[in-house]
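[1] The sequence and its predicted three-dimensional model are supplied below.
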Amino acid sequence: GAVVSQHPSWVICKSGTSVKIECRSLDFQATTMFWYRQFPKQSLMLMATSNEGSKATYEQGVEKDKFLINHASLTLSTLTVTSAHPEDSSFYICSATSGTSGNDEQYFGPGTRLTVT
Amino acid sequence: LAKTTQPISMDSYEGQEVNITCSHNNIATNDYITWYQQFPSQGPRFIIQGYKTKVTNEVASLFIPADRKSSTLSLPRVSLSDTAVYYCLVEAGGGNKLTFGTGTQLKVEL
């Protein structure tokens, strides 16, 4: 099946710094990528949807200037958490699909654990 | 916006059939229902997807009533390795908003 990777798998950063998370589709072209955030014992919350070459669409309540998403190629999307704070500590998961509809099967990455100290 | 809700947890024993329901009152007309399995600190893994009636694959069945406001994931003969959190995913409320259900922690014991 289709494989999606994330890097890093975990990261610890100091408050006020920025951290970049990469999401790659390894064996298919991802026209659409999704970024989710998951707090402990909670469900996945969609943060934004990005289509290759276009600006990301952010969900209500997600600050686009804080969570910068770049989907510059059909195999790579990045999420940069700027000026991170302890409340940004969470499990960030990306998914990718070769379609453009939410009904197309999403292939999920393994997630990135972010801890802000 | 109504949430997509699931029971918080379920307990079962090896070899039993487990049925997990998801309530999605605001499902969009053209939206499919997808179920995922998630182990701790891992990304979700696809289980099954359907639009209406019944879908079956090698690991599960999915039952969807005519009104499509709910769905039931059926896992036949569960084993210890099926202990995980199960999520339904729908496009609910319009505006292409993907919404994961609240998740059901399934615990399988010997």
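    Looks like it arrived, so ask away.
[2] burial count for the closest residue to chain A within chain B?
    Using Cβ to the nearest Cβ, the closest approach of chain B to chain A is made by residue B:43 at 3.6 Å. The way it works is simple: take the backbone N, C-alpha and C, and place the C-beta from them, glycine included. By the criterion of other Cβ atoms under 10 Å in any protein chain shown, residue B:43 has 23 neighbours.
[3] Now for it: which residues touch it?
    Residues near residue B:43 by Cβ atoms under 8 Å, 6 or more residues apart in numbering or on different chains: A:4, A:6, A:93, A:95, A:108-111.
[4] Out of these, which sit inside strands?
    Using DSSP state E, A:4, A:6, A:93, A:95, A:108 are the members of the contacts of residue B:43 that sit in strands.
[5] Nearest the geometric middle of chain A, what residue?
    Nearest residue to the geometric centre of chain A (Cα atoms, centre = their mean): residue A:35, 3.4 Å.
[6] doesn't residue A:94 make contact with it?
    Yes. The criterion here is Cβ atoms under 8 Å, and residue A:35 meets it with residue A:94 at 5.4 Å.
[7] Tell me the confidence at the residue in chain A that chain B sits nearest to?
    When scored by Cβ to the nearest Cβ, chain A has residue A:108 as its residue closest to chain B, at 3.6 Å. On the pLDDT scale, residue A:108 is placed at 95.
[8] Now do residue B:90, the pLDDT please.
    89.
[9] pretty sure it contacts residue B:29?
    No. Here residue B:90 does not reach residue B:29: they are 11.6 Å apart, not a contact under Cβ under 8 Å.
[10] follow-up on the earlier one: okay, the contacts of residue B:43 in JSON lines with distance to residue B:71 next?
    Shown next, in JSON lines, are the contacts of residue B:43 (distance: Cβ to Cβ, whole Å):
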{"residue": "A:4", "distance to residue B:71": "25"}
{"residue": "A:6", "distance to residue B:71": "29"}
{"residue": "A:93", "distance to residue B:71": "22"}
{"residue": "A:95", "distance to residue B:71": "20"}
{"residue": "A:108", "distance to residue B:71": "20"}
{"residue": "A:109", "distance to residue B:71": "25"}
{"residue": "A:110", "distance to residue B:71": "26"}
{"residue": "A:111", "distance to residue B:71": "25"}
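[11] Noted, bye for now.
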